[in-house]
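Visitor: based on what follows, work out the 3D shape:
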Amino acid sequence: MVARRVFAVAGSMFAFWGYAAHAQTIQPPFNANYTFTTLGSIPGVPAPYGGLTLLPDDPNVLLIGGMANSASASIYRVRLQRDACGQIAGFVGTATIYASCPNIDGGLAFGPSGVLFATRFSNNGIHQFLPGATSPSRTIDFTPLGMASSTGSCNFVPPGFGGAGRFKSVSYNTGQFYDVTLTPDGNGTFNCVNPVQTADFPTTIEGFAYVAAGSPNFPVASMVVSEYTAGVVAAYEIDGQGNPIVSTRRPLLTGFGGPEGAFIDPGTGDFLFSTFTGNQLVIIRGFEAAADCDSIDFNNDGSLFDPVDIDAFLSVFSEGPCIPETATCNDIDFDNNGSCFDPNDIDSFLSVFSEGPCL
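Guide: Numbering: from 1, shown residues only. Predicted coordinates:
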């Protein structure tokens, strides 16, 4: 175990064991709408775990840091098993090395042009990986930029949020949250310039991910944060530039030792985080998935319906008799003329209904 982690755990031993002595708990008011599941350790990923993300072009592949904070650390890849609802249910096979990533910490995020960004501890900086690279393509030291040592995590503000596309980073040691400008360096990677501190978290921070307004108990755009020393996953509202408003902190899940990475599965809305202590992959369910290309506005009024959500369809269209008799229970006659359409067959839907704008 590296010095940072020894200090963090030893310095809060009472708090850590206090959490361990109690069941891991979804806190009110979130407990009415959210649940969590622990998938356990990932075969082939050496402890301790670092940041995590999904491959943008294959969301069934998880990337996660192994041997985090050490010079021998790497990013590992493992294929995911999903259930009938598309939620992550386990792992397929054994993880393999995706790229070497010395001292990876809690931040792992894809940025512009498919460049992968990974924070490093206690070296206070980031690695950047060009697509297909198996070792860092560029490494940037944050200390000369005036950013507090040492970095813990980083992420990009997603589309649809204020400040979309902005690069954000947080210092583990101090909780200082930064907005950082990226400029192309001519080699496919990016310079980091003009960091501006925009917030100061009250505790040590690792991963953070963004939650759109509309999920239960999230009336405004927010972020979900892995608070390492506290053993808490907490929710914070964000401002119009994607920065946390620290006075709005609400504990969501307590009782986990060393929550580390943070990522929102875009297909399900589920929040994924890794743990540095115990080396677990944990999932919080109950968030709404973001609208995507599979969401269709059938009547062009801005109301979206997911093709796999039959109840939503039936709230707008009547169900008539299905012809032929061999039609399955998932086949619905929306216009009561005997023509059946499978909700999973988007092409057949669009042959009848126009696709409007996704709002």
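
Visitor: quick one: low-confidence ranges for this structure?
Guide: Applying pLDDT under 70 to the chain flags the ranges 1-22, 291-359.

Visitor: what number of residues lie near the residue lying closest to residue 136 once chain neighbours are set aside?
Guide: What sits nearest to residue 136 in space, not counting adjacent residues and going by CB to CB, 6 or more residues apart in numbering, is residue 127, at 3.9 Å. Bear in mind the C-beta positions are built from the backbone N, C-alpha and C, glycine included. A count of nearby residues for residue 127, using other CB atoms under 10 Å, gives 27.

Visitor: any idea what residue 127 is bridged to?
Guide: Beta-bridge pairing for residue 127 (DSSP bridges): residue 118, residue 139.

Visitor: what of residue 251?
Guide: Bridge pairing for residue 251 - DSSP bridges - gives residue 234.

Visitor: so what's it up against?
Guide: Contact analysis of residue 251 by CB atoms under 8 Å, 6 or more residues apart in numbering lists 27, 232, 233, 234.

Visitor: for the first one, grab phi and psi.
Guide: Its backbone dihedrals place residue 27 at phi -90, psi 150, with angles given as degrees, to the nearest 10.

Visitor: where's the nearest residue to it once chain neighbours are set aside relative to residue 172, distance?
Guide: In this structure, residue 27 finds its nearest non-sequential neighbour in residue 251, 4.8 Å apart by CB to CB, 6+ apart. Residue 251 is 19 Å from residue 172, where distance means CB to CB, to the nearest Å.

Visitor: residue 267 touches residue 86, doesn't it?
Guide: Yes - with contact defined as CB atoms under 8 Å, residue 267 reaches residue 86; the gap is 5.5 Å.

Visitor: for the most centrally placed residue in the chain, which residues make a bridge with it?
Guide: In the chain, the centroid-proximal residue (CA atoms, centre = their mean) is residue 263; its distance is 1.4 Å. Residue 263 has the following beta-bridge partners by DSSP bridges: residue 272.

Visitor: next helix or strand past the helix or strand harbouring residue 154?
Guide: Here residue 154 sits within strand 151-156, counting by DSSP states H and E. Moving toward the C-terminus from strand 151-156, the next helix or strand (DSSP H and E) is strand 167-171.
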